[in-house]
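Q: Provided below for reference: sequence and predicted model.
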Amino acid sequence: MMTKKDYVWKVSAAGRVNLIGEHVDYCGGKVLPAALSLCNTVYVRPNGTDKINLAWTDLPDRITVDLTKLDEYRNVKYANYPAGSAYIWQQAGHKLVGCDMLHECTVPFGSGLSSSAAIEVSTIAALATVAGEPIDPVEIALAAQKAEREYTGVNCGIMDQYASACGKKNHAILLDCKTLEREYVPIQLGDYALVIANCKKPHNLVESKYNERRAETEEALRLLQGEARIECLAELTPDEFSRHERLLSGKVRDRARHVVEECERVRQAAAAMKRGDMRVLGRLLNASHASLKNLYEVTGVELDTLAETAQKHPACIGSRMTGAGFGGCTVSLVKSEEVESFKVFVAERYRKAIGYDAEFYDTSIGDGITVAKIK
Ligand code: GLA
């Protein structure tokens, strides 16, 4: 039985929380995510074969993946994410080296904190490391996104993989998803702290619903382009949108309105964060949640109960769902000294309303990819 010390490198990539800018990355908008200290770590060493031997610290499974047949693991549970990432990296022209990998994931699965991005990004970074290649976090993020889209079938944007690869300790990333320009914004919350809570909804249809929302925004764009000279929905200001919205109807109009207004909220939130105006930031979080509930319809009773209960606590100035939605986590801005009483308040009410427990995570804002030599 190999232990962590038997490997040569330790390569990690982060989970993420998105502060604001939800469901706008695939519409060319700006987002404000931050990498978490929760991460996926790959312990890796070359093994002189043309195979990757996969092992996990918390699973009994041992799966060997053949580097000459990487296309064939799409339906192999657990192996599909590392194999898909390796496949896309190989397709991009990178040399792959056979290796032993031990995966250790502290990002809870299905939490909406991007465990899959952390696995994809750390797998590619580990492969680059054993092959002696320099690490280019943006290139790795783009390849990881491609793996998620083409190998596992979720038509995602770039936010998760980018944050997982390029995150910076104690900073949020103001990322323009159209140009990939970024700005690191220090997370200085004054007397406030971020609290992340998982609603623990057991089964959600995140993949099919996610792809459906994407298609609706594409439909909105196509219709608006009949009049407006735009390449993506995020280019419209709310005023411009109101001039053209009669081209849209029903749900498609609601989805587009969410995107346009959420982009405006991101602009205001980044400015509020820079000047330390936590009250404004909190109000924008609440408005974002309401829009994701009413216009984009990606919340559900569990996330609504969690966020809206949080919003009722006197020490909480803002709370919203984070990530794709349909389940997963909320992020709340809470007076630091009252975090414990806040958790008790929310936990009790949530259990009473929903019938099972929410879960709170102790995590901080960490780095994206990190590589350390073990021996
Ligand atoms: C998922 C996707 C991201 C983004 C969010 C919603 O996390 O992977 O690309 O679209 O949902 O903001």
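A: That came in fine, so what should we check first? Numbers count the residues shown, from 1 in each chain.

Q: mind listing what's buried in the helix of greatest length in the chain?
A: The residue-count maximum for a helix in the chain (DSSP state H) belongs to helix 250-274. Residues of helix 250-274 classed as buried by neighbour count (16 or more other C-beta atoms under 10 Å): 251-266, 268-270, 272-273. Quick note: C-beta positions are derived from backbone N, CA and C, even for glycine.

Q: Does it reach the ligand?
A: No: judged by C-beta under 6 Å from any ligand atom, helix 250-274 and the ligand are separated, with a smallest distance of 9.0 Å.

Q: Report the buried residues of the very next helix or strand once past that helix.
A: Toward the C-terminus, helix 250-274 is succeeded by helix 278-294 as the next helix or strand (DSSP states H and E). For helix 278-294, the neighbour count (16+ other C-beta under 10 Å) marks 278, 280-293 as buried.

Q: from these, which two are the most distant?
A: M278 and K293 (22.7 Å; C-beta to C-beta).

Q: how many degrees apart are the longest helix of the chain and helix 278-294 in direction?
A: Angle of helix 250-274 versus helix 278-294, following axes from the mean of the first three to the mean of the last three C-alpha atoms, to 10 degrees, is 170 degrees.

Q: Could you list the residues in contact with the helix or strand containing D304?
A: With elements taken from DSSP H and E, the one containing D304 is helix 301-312. Helix 301-312 is contacted from outside by 195, 197, 199-201, 286, 289, 293, 299, 316, 318-321, 325-328, 330, 332, 334, 342, 345-346, 349-350, 353-354, 358, using C-beta atoms under 8 Å, 6 or more residues apart in numbering.

Q: and the closest residue to the ligand within the stretch 201-350 of the chain, how far is that from A165?
A: Proximity of the stretch 201-350 of the chain to the ligand (C-beta to the nearest ligand atom) peaks at A324, 3.5 Å away. To A165, A324 is 19 Å away according to C-beta to C-beta, to the nearest Å.

Q: mind listing what the helix or strand containing I317 pairs with, with the direction of each?
A: Element membership for I317 (DSSP H and E) is strand 316-322. Using DSSP bridges, the strands paired with strand 316-322 are strand 329-335 (antiparallel).

Q: sorry, back to before: more neighbours: which of A324 and A165?
A: A165 (31 against 23; other C-beta atoms under 10 Å).

Q: Is that one located within a strand, as I assumed?
A: No: counting by DSSP: H, G, I helix; E, B strand; the rest coil, one finds A165 to be helix, located in no strand.

Q: pLDDT weak spots in the stretch 1-150 of the chain?
A: Scanning the stretch 1-150 of the chain for pLDDT under 70 picks out 1.

Q: With adjacent residues omitted, what lies nearest to E104?
A: T57 (4.2 Å; C-beta to C-beta, 6 or more residues apart in numbering).

Q: Let me know how buried that neighbour is, in neighbour terms.
A: Residues near T57, counting by other C-beta under 10 Å: 12.

Q: residue contacts, it?
A: T57 sits in contact with 102-104, where contact means C-beta under 8 Å, 6+ apart.

Q: Is the helix holding D304 positioned near the ligand?
A: No: judged by C-beta under 6 Å from any ligand atom, helix 301-312 stays clear of the ligand, getting no closer than 12.9 Å.

Q: Quickly name whichever of the buried residues of helix 278-294 is closest to N155.
A: Closest to N155, out of all of the buried residues of helix 278-294 and judged by C-beta to C-beta, is L292, at 18.4 Å.

Q: can I assume the closest one is in contact with H258?
A: Yes: contact criterion C-beta atoms under 8 Å: L292 and H258 qualify, at 7.0 Å.

Q: who touches both of these two?
A: H23.

Q: picking that back up, tell me what the longest helix of the chain is packed against?
A: strand 30-31, strand 171-176, strand 182-186, helix 206-224, helix 238-244, helix 278-294 (3 or more C-beta pairs under 8 Å, 6 or more residues apart in numbering; DSSP states H and E).

Q: report the angle between the axes of that helix and strand 171-176?
A: Orientation of helix 250-274 against strand 171-176 (the same axes, to 10 degrees) gives an angle of 130 degrees.

Q: Could you tell me how far helix 250-274 lies from the centre of the chain?
A: Between the centre of helix 250-274 and the centre of its chain there are 18 Å (C-alpha atoms, centre = their mean, to the nearest Å).

Q: hmm, back to that, pop out the phi and psi values for the residue of the stretch 201-350 of the chain closest to the ligand.
A: Phi and psi for A324, reported as degrees, to the nearest 10, are phi -70, psi -30.

Q: where does the chain come near the ligand, residue by residue?
A: Near the ligand, when you scan the chain using C-beta under 6 Å from any ligand atom, you find 22-23, 25-26, 156-157, 159-160, 323-324.

Q: Can you flag the buried ones in these?
A: 22-23, 25-26, 156-157, 159-160, 323-324.

Q: Out of the residues you listed, list just those in helices.
A: Per DSSP H, those map to helices at 159-160.

Q: so how many other residues sit close to Q225?
A: Considering only other C-beta under 10 Å, Q225 is surrounded by 13 other residues.

Q: and A92, what is it in contact with?
A: A143.

Q: Check the one 3 residues further on too.
A: If a contact means C-beta under 8 Å, 6+ apart, then K95 has 131, 133 as its contacts.

Q: Can you pull the phi and psi angles for it?
A: phi -80, psi 130.

Q: Convert the C-alpha atoms of stretch 315-323 to PDB, please.
A: Taking C-alpha atoms only, stretch 315-323 is exported to PDB below (Å, rounded to 0.1, in the frame of the first residue of the first chain):
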ATOM      1  CA  ALA A 315     -26.100  39.900  11.600                       C
ATOM      2  CA  CYS A 316     -26.400  38.800   7.900                       C
ATOM      3  CA  ILE A 317     -26.400  41.600   5.300                       C
ATOM      4  CA  GLY A 318     -26.600  39.400   2.200                       C
ATOM      5  CA  SER A 319     -27.100  35.800   1.100                       C
ATOM      6  CA  ARG A 320     -27.400  34.100  -2.200                       C
ATOM      7  CA  MET A 321     -27.000  30.700  -3.900                       C
ATOM      8  CA  THR A 322     -23.700  30.200  -5.500                       C
ATOM      9  CA  GLY A 323     -22.800  28.100  -8.600                       C
END
